[in-house]
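Participant: Structure for the following, please:
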Amino acid sequence: MSKAIPTIQKFMTSSPHSIGVEQTVAKAHAVMQELKIRHLPVLHGGKLVGLITERDARLVESLKDVDAKTITVEDAMSQSVYSVSPDALLDEVAREMALHKYGSAVVMQNQKVVGIFTTVDVCNALAELLSSRLGT
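Facilitator: Prediction:
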């Protein structure tokens, strides 16, 4: 008898930290370093408008003649965000993330950010599922 495929709600990070579009890239990078995270959903008026990653922040900071303390998150974020609902199936989300090389999926419910599911969460899910299903 096979077990049902779990949803990402079981493995996502609930209530993730986010940042506003008007904040600076330097501020976003500082938040990510302090919290030891690599992805920040970007909000404007409580609505998801983008995603900034640690890689984005490092790139901006490495540009000559660019001051990360004055460049806003809005100018550095990706506006194309992979988002899913909490009841999305783990295998489908992981497959989509791998196919498009997404580092995360923002979890949305009723037009609100309720979680984030990252590649680290995928690894944790894989470890838990292998352990429970293979009896290790």
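
Participant: what comes up buried for the longest helix seen in the chain?
Facilitator: Longest helix in the chain, counting residues (DSSP state H): helix 119-134. Neighbour counts using 16 or more other Cβ atoms under 10 Å place 119, 121-122, 125, 129 of helix 119-134 among the buried residues. All C-beta atoms are positioned from the backbone trio N, CA, C, and that covers glycine.

Participant: So which of those residues is the closest to residue 113?
Facilitator: Among the buried residues of helix 119-134, residue 121 lies closest to residue 113 (Cβ to Cβ), at 15.0 Å.

Participant: quick one on the thing from earlier: pick out whichever of the buried residues of helix 119-134 sits closest to residue 7.
Facilitator: residue 125 (10.5 Å).

Participant: pLDDT below threshold where in this structure?
Facilitator: Applying pLDDT under 70 to the chain flags the ranges 1-2, 135-136.

Participant: Quick check: bridge partners of the residue nearest the centre of the chain?
Facilitator: Nearest residue to the geometric centre of the chain (Cα atoms, centre = their mean): residue 104, 3.9 Å. Using DSSP bridges, the bridge partners assigned to residue 104 are residue 118.

Participant: where's it relative to residue 134, distance?
Facilitator: To residue 134, residue 104 is 27 Å away according to Cβ to Cβ, to the nearest Å.

Participant: Would you mind writing the CA trace of stretch 59-77 as PDB?
Facilitator: Extracted in PDB, the C-alpha atoms of stretch 59-77 (Å, rounded to 0.1, in the frame of the first residue of the first chain):
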ATOM      1  CA  LEU A  59      25.500  41.100  -7.500                       C
ATOM      2  CA  VAL A  60      24.300  44.600  -6.800                       C
ATOM      3  CA  GLU A  61      26.900  45.100  -4.100                       C
ATOM      4  CA  SER A  62      29.600  43.900  -6.500                       C
ATOM      5  CA  LEU A  63      28.800  46.400  -9.300                       C
ATOM      6  CA  LYS A  64      31.200  49.300  -9.700                       C
ATOM      7  CA  ASP A  65      29.700  52.700  -9.200                       C
ATOM      8  CA  VAL A  66      26.500  51.200  -7.600                       C
ATOM      9  CA  ASP A  67      25.700  51.900  -4.000                       C
ATOM     10  CA  ALA A  68      23.600  49.100  -2.400                       C
ATOM     11  CA  LYS A  69      22.700  51.600   0.300                       C
ATOM     12  CA  THR A  70      20.700  53.700  -2.200                       C
ATOM     13  CA  ILE A  71      19.400  51.100  -4.700                       C
ATOM     14  CA  THR A  72      16.000  49.900  -3.700                       C
ATOM     15  CA  VAL A  73      14.900  46.300  -3.500                       C
ATOM     16  CA  GLU A  74      12.400  47.100  -6.200                       C
ATOM     17  CA  ASP A  75      15.300  47.700  -8.600                       C
ATOM     18  CA  ALA A  76      17.100  44.500  -7.800                       C
ATOM     19  CA  MET A  77      14.200  42.000  -7.200                       C
END
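
Participant: Alright, calling it a day.
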